[in-house]
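A.B. asks: Please work out how this folds:
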Amino acid sequence: MSTANRQSLPTLQFNFVKAERTHKREKLAKTELECSEVISNFLYVGGEAVAKNFDYFTNNAITHVINCAGNTIANHHADKDITYMTLQMCDDGLRVDLTWFLHMVLDYIERAWERGGRVFIHCARGVSRSCAFCIAFIMWRNSLDYQEA
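C.D. replies: Numbering: from 1, shown residues only. You can find the predicted model right below:
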């Protein structure tokens, strides 16, 4: 390999990494305003943009909210007739141990289920912590393993 080719290799790798990061950011930006109905008429998941939208809560009769990013995101509709569970979970890019919160969250969702409520779970973007709790509830409620859920 010539000297010129070896010198361009790091530039190519850097451009690939930069393009991959840009692609991921663009993909996340597209989902920011989306909300997924995980269990019909009961369990919803999304990010902060949806959590701010009171019309969405009204249109879907949301009664309970789990805010997985309470240390950085406010409970936007705490003054309304919505019950909040606020979790002080870090979003610093490091792994977060969800097991500490798991039983509280499952109990909260189950109580809402028993009362005929509807639950919206959110974190900053609605793609990590909130989804993990939704999957955990489905697994627990239906006695499924991760692959089945």
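A.B. asks: With adjacent residues omitted, what lies nearest to residue 46?
C.D. replies: Leaving aside its sequence neighbours, residue 46 sits nearest to residue 35 (C-beta to C-beta, 6 or more residues apart in numbering; 3.7 Å). For glycine as for every other residue, the C-beta is placed from the backbone atoms N, C-alpha and C.
A.B. asks: And the pLDDT at that neighbour?
C.D. replies: pLDDT, residue 35: 74.
A.B. asks: How many residues are close by it?
C.D. replies: Residues near residue 35, counting by other C-beta atoms under 10 Å, number 20.
A.B. asks: for residue 64, same thing?
C.D. replies: Burial measure for residue 64: 20 neighbouring residues, criterion other C-beta under 10 Å.
A.B. asks: From what I see, it and residue 116 are in contact.
C.D. replies: No: Residue 64 is beyond contact range of residue 116, at 10.9 Å (criterion: C-beta atoms under 8 Å).
A.B. asks: For the residue lying closest to residue 39 once chain neighbours are set aside, which three-state class applies?
C.D. replies: In space, and not counting its chain neighbours, residue 39 is closest to residue 138: 7.4 Å by C-beta to C-beta, 6+ apart. Three-state call for residue 138 (DSSP: H, G, I helix; E, B strand; the rest coil): helix.
A.B. asks: Same question for residue 84.
C.D. replies: Using three-state DSSP, the structure places residue 84 in strand.
A.B. asks: Quick check: bridge partners of it?
C.D. replies: residue 65 (DSSP bridges).
A.B. asks: tell me the domain ranges of this structure?
C.D. replies: As assigned by automatic domain parsing, the chain contains the domains 1-31, 34-142.
A.B. asks: Residue 149: which of these is closest?
C.D. replies: For residue 149, the closest of these is domain 34-142, at 4.6 Å, according to C-beta to C-beta.
A.B. asks: for the closest one, the distance to its chain's centre please.
C.D. replies: Put simply, domain 34-142 sits 8 Å off its chain's centre (C-alpha atoms, centre = their mean, to the nearest Å).
A.B. asks: Give me the neighbour count for the nearest residue to residue 76 once chain neighbours are set aside.
C.D. replies: Nearest non-adjacent residue to residue 76, counting by C-beta to C-beta, 6+ apart: residue 52, 5.0 Å away. As a burial measure, residue 52 scores 14 neighbours (other C-beta under 10 Å).
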